[in-house]
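1. Sequence and predicted structure below; questions after.
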Amino acid sequence: MSSELTRLTAVELAEKIHSREVSAVEVARAHLDRIAEVDGQVHAFLHVAEDAALASATLVDESLAVGTPPASPLAGVPLALKDVFTTIDMPTTAGSKILEGWRPPYDATVAARLRAAGITILGKTNMDEFAMGSSTEHSAYGTTHNPWDLARVPGGSGGGSAAALAAYEAPLAIGTDTGGSIRQPAAFTGTVGVKPTYGGVSRYGLIACASSLDQGGPCARTVLDAALLHEVIGGYDPLDSTSIDAPVPSVVAAVREGARGDLSGLRVGIVRELGGEGYQPGVRASFEQATAQLEKLGAELVEVSCPHFEYGLAAYYLILPSEVSSNLARFDAMRYGLRVPGAGSAEEVMAATREAGFGAEVKRRIILGTYALSSGYYDAYYGQAQKVRTLISRDFAAAFSQADVLVSPATPTTAFPIGDKIDDPLAMYLNDLATIPTNLAGTAALSVPSGLAADDSVVGLPVGLQIMAPALGEAVMYRVAAAYEASRPFPSAPEVSP
Amino acid sequence: MTTPVLVAYDEVVERFDPMLGLEVHVELNTHTKMFCGCPTAFGGEPNTQVCPTCLGLPGSLPVVNRTAVESAMRIGLALNCEIAPWCRFARKNYFYPDMPKNFQTSQYDEPIAFDGYLDVTLDDGTVVRVGIERAHMEEDTGKSLHVGGATGRIHGAEYSLLDYNRAGVPLIEIVTKMIPDTGARAPEVARAYVTALRDLVKSLGVSDVRMDQGSMRCDVNLSLAPKGSGALGTRTETKNVNSLRSVERAVRYEMTRQAAVLDAGEAIVQETRHFEEQSGTTRAGRRKETSEDYRYFPEPDLVPIAPSREWVDELRATLPERPWVRRARLQQEWSLTDEELRDLVNAGALELIEATVAAGAPAGEARSWWVSYLAQQANVREVPLEELPITPGAVARVIALVASGQLTTALARQAVDGVLAGEGTPDQVVAARGLAVVSDEGELVAAVDAALAAQPDVVEKIRGGKVAAAGAIVGAVMKATRGKADAKRVRELVLERCS
């Protein structure tokens, strides 16, 4: 029974819980058992909140027992929360040693909304330190393993959330996407990951990597589950000044429409600059099949050009480190988190703590950003990068005048072996080639599984199809994803043998 | 560097032109902080007015205080500034333990108000126009208390305590353009400017502008140029200038110190200096190495501020009468000499008198109460006049009671004492202390007759034409009625009965 429950989608679980066929506690228990069974190998979780999860599920059951309608369509369904959101009842580390054991005194808005929706938070998932990385190898707490092949990375930074889904440890998860940290892990693990429009989901309580790029979003195994979660966490938050004061796009309705499989009249733009050189042949083949499939569903394929995308990576690696260098200045041992004692002055304590508490990748980016913002270099680096950002936004605007959505492979390759790129930052950064432009422009995009690339291993590894939409254009993006998903069933993740 | 022998002030101004600039920080009196909902009240227990945002906890985000933005714009408008149609906050990055995020959210190259001026009148009536470069919004830091060590500074301290109650309190920084051609009057101009700015901001009601409490803080930027050269020298920035008098002293001291350094053939070091209240000198503080690099960049957690024309015009309409305009008007209305007016202003009595007059008291009486008896009481209690626990309305009521003959001046003082002691309103004090004048004529006549009967010799003297002797009888009657009789009426009765 337990293992069967973990195979169900969030929608199926919600239906069983709300009809009281199974209890929320049973569902939570099944997933906690699954975590206990496989997480020793996957290492998706940094913290499992068994008591809190069961207590939360009990409340849902009690409420349903007295006839109260469920707090949301997902009430009672378990979820894995990326450890970058503050939680009042669980430690929050952002994958960094500098926050080891920190207990936030407040809940992130996303966490608060999950709780209000009756969703059971199972625990906090692993990630690259402060969301900097594409493999979770930069976590201070060990690497997460890809359930498809435990010797491979699950992507990053949200590898923990994606692996938890693929390993059936949770049917829902939350990630954050600064340059691809939701979509790239989704592609690597054969799951669905959505990066909403910037400002669509509150950043309050999301420990900042790069403020102008970070965006929380839903992760799931199906497009419908992601849409349901999207509507729970999305929407205006007065505590986040960059939050958009507009209704959440009706993505669930869009998914139901898309699932009927008719995309006629819809224009799908293929971005010429995303998908050529540097993309693994199996990824390209999968992408071609996917676009052919969209055409079959009635969509019109058009080729669009976004000439400034080629500068995206360079601009991103100036803007992100600049903001990081400032955002991470607060970790100074004075108020919370790690403190390396023994040193004399406050300045020495700060320096010693930051030296011991930050990993190599974080330090690399702090140094890059400090340099890029320095007087005399600002215009050449940060200033130029902001101009590129504007040009990329214009590219998107032009492309969206020709197409309703844009598509590309979500990543240039499938999941790579652990250790393969850890010493080659540039190779690692290339993972986000196709995802970064969306973050720079503040638009929306998702990754939906598009089959397996057979050229990489015997079983084949998952490939993600990226679907991009204009700001607040989530509905059409979900519609296309749902139509595609419905027409092309994707093999479920392999059993992780205990 | 050895301390050079100072150059005599007269000699300094003979050979050098002082180049003066002032940066004033004004702490706004909004109820909540610049970027969160925490209270701003002064003097709370350490770290009781804090939240995730003003503590800079991971994940927290700022939200701009609308009232603070309005206050900033009103200050800008009062200083004849342009209001930016679009501006942003920026991060000023540097590490210091009393700054929770290790960056200060401030404004950099896009201030909300810029390019204005303030006309400042010196004691002799000379008007100096001080150019205003900018007025921008920022957040205050927390406070450090360095314990142990001799200096109270972070270096040498055994440990430091941090109080973040002040962290995030809204500040407006007002920066002047360089004030040229002040010559020997530079110290006076500096003081007059800060005074005028204080009065102006106070009239807007947006800050307490108390230099002693730190709600107004002044940094003095000063350099010297060889007389007539027009060259720009290396400047120092003197902080910790915490009173109007100190502003003047700091400018004067820096002029004499810098002249001495230059005379010794040495270069002025570009640095932050601290004013020492005790000695009236400045000492070197943080060294500004190649002008500290704060790595400013636009604050990505906040959206730009774009005040509409309508909003700006609305705020412009709320600007009160300028303090100096009001002063001129009151001087005329109350027929004051320049000196009398200045005394009232310096005593901080102007607003109080005006409010007392507004509450119905004649100007002369209102002035008299505030500058004499109440000023004495403030002095005894060692508080500023405005902090005496009595309202202008209460003072006006006391004046009215005297005018209607219900209180004598002596009784009125007792009534005021009662109010100051927290015994209630003037009427409550009069009732509780039984201060009302004996107005029953029969009772008074009886008291006068009793006093006359007790001192027949005095009666004889009065009858013999020595009218002054009546004082003794009046005194006896006042004593008998415990001061509650109207002495003037008693005197009349005495003379009447003796005629």
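-> All right, it came through fine.

2. from here on, contacts and neighbour counts on C-alpha atoms
-> Fine.

3. hey, C-alpha coordinates of stretch B:412-430 in CSV?
-> C-alpha atoms of stretch B:412-430 as CSV (Å, rounded to 0.1, in the frame of the first residue of the first chain):
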residue,chain,number,x,y,z
ALA,B,412,-1.3,81.6,39.2
ARG,B,413,2.3,80.5,39.8
GLN,B,414,1.0,78.0,42.3
ALA,B,415,-1.5,76.8,39.7
VAL,B,416,1.3,76.3,37.2
ASP,B,417,3.4,74.5,39.8
GLY,B,418,0.5,72.1,40.3
VAL,B,419,0.2,71.5,36.5
LEU,B,420,3.9,70.9,36.3
ALA,B,421,3.6,68.5,39.2
GLY,B,422,1.1,66.5,37.3
GLU,B,423,-1.9,67.4,39.4
GLY,B,424,-4.1,68.0,36.4
THR,B,425,-5.4,70.9,34.4
PRO,B,426,-5.2,74.5,35.8
ASP,B,427,-8.9,74.3,36.9
GLN,B,428,-8.3,71.0,38.6
VAL,B,429,-5.3,72.4,40.5
VAL,B,430,-7.1,75.5,41.5
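
4. Please spell out which residues along it are buried.
-> By 16 or more other Cα atoms under 10 Å in any protein chain shown, the buried positions in stretch B:412-430 come out as B:412-420, B:423-427, B:429-430.

5. From B:Asp163, how far off is the residue of chain B found nearest chain A?
-> Among the residues of chain B, B:Gly59 lies closest to chain A, at 3.8 Å counting by Cα to the nearest Cα. Here the criterion is Cα to Cα, to the nearest Å. By it, B:Gly59 lies 21 Å from B:Asp163.

6. Tell me which of these two has more neighbours.
-> More crowded of B:Gly59 and B:Asp163, by other Cα atoms under 10 Å in any protein chain shown: B:Gly59, with 22 against 19.

7. Quick one: residues contacting the more buried one.
-> By Cα atoms under 8 Å, 6 or more residues apart in numbering or on different chains, the contact set of B:Gly59 is A:Phe85, A:Thr86, A:Ala108, A:Arg203, A:Tyr204, A:Gly205, A:Leu206, A:Ile207, A:Ala208.

8. run the last query once more with 7 Å
-> A:Thr86, A:Tyr204, A:Gly205, A:Leu206, A:Ile207, A:Ala208 (Cα atoms under 7 Å, 6 or more residues apart in numbering or on different chains).

9. Let's see the pLDDT reported for the closest residue to B:Pro97 other than its chain neighbours.
-> Spatial nearest neighbour of B:Pro97, excluding adjacent residues (Cα to Cα, 6 or more residues apart in numbering or on different chains): A:Met334 at 6.6 Å. Confidence at A:Met334, expressed as pLDDT, is 92.

10. Go through the buried residues of stretch B:412-430 and name the one nearest A:Ser375.
-> B:Leu420 (57.8 Å; Cα to Cα).

11. List the single closest residue to the closest one in space, sequence neighbours excluded.
-> Nearest to B:Leu420 is B:Pro389, by Cα to Cα, 6+ apart, at 5.5 Å.

12. Tell me which of the contacts of B:Gly59 fall in helices.
-> Of these, none are assigned to helices by DSSP state H.

13. Among these, which one is most surrounded by other residues?
-> Busiest of the contacts of B:Gly59 [other Cα under 10 Å] is A:Thr86, holding 33 neighbours.

14. hang on, isn't it packed against A:Ala108?
-> Yes: the pair A:Thr86 / A:Ala108 is scored as a contact, 5.0 Å apart, by Cα atoms under 7 Å.
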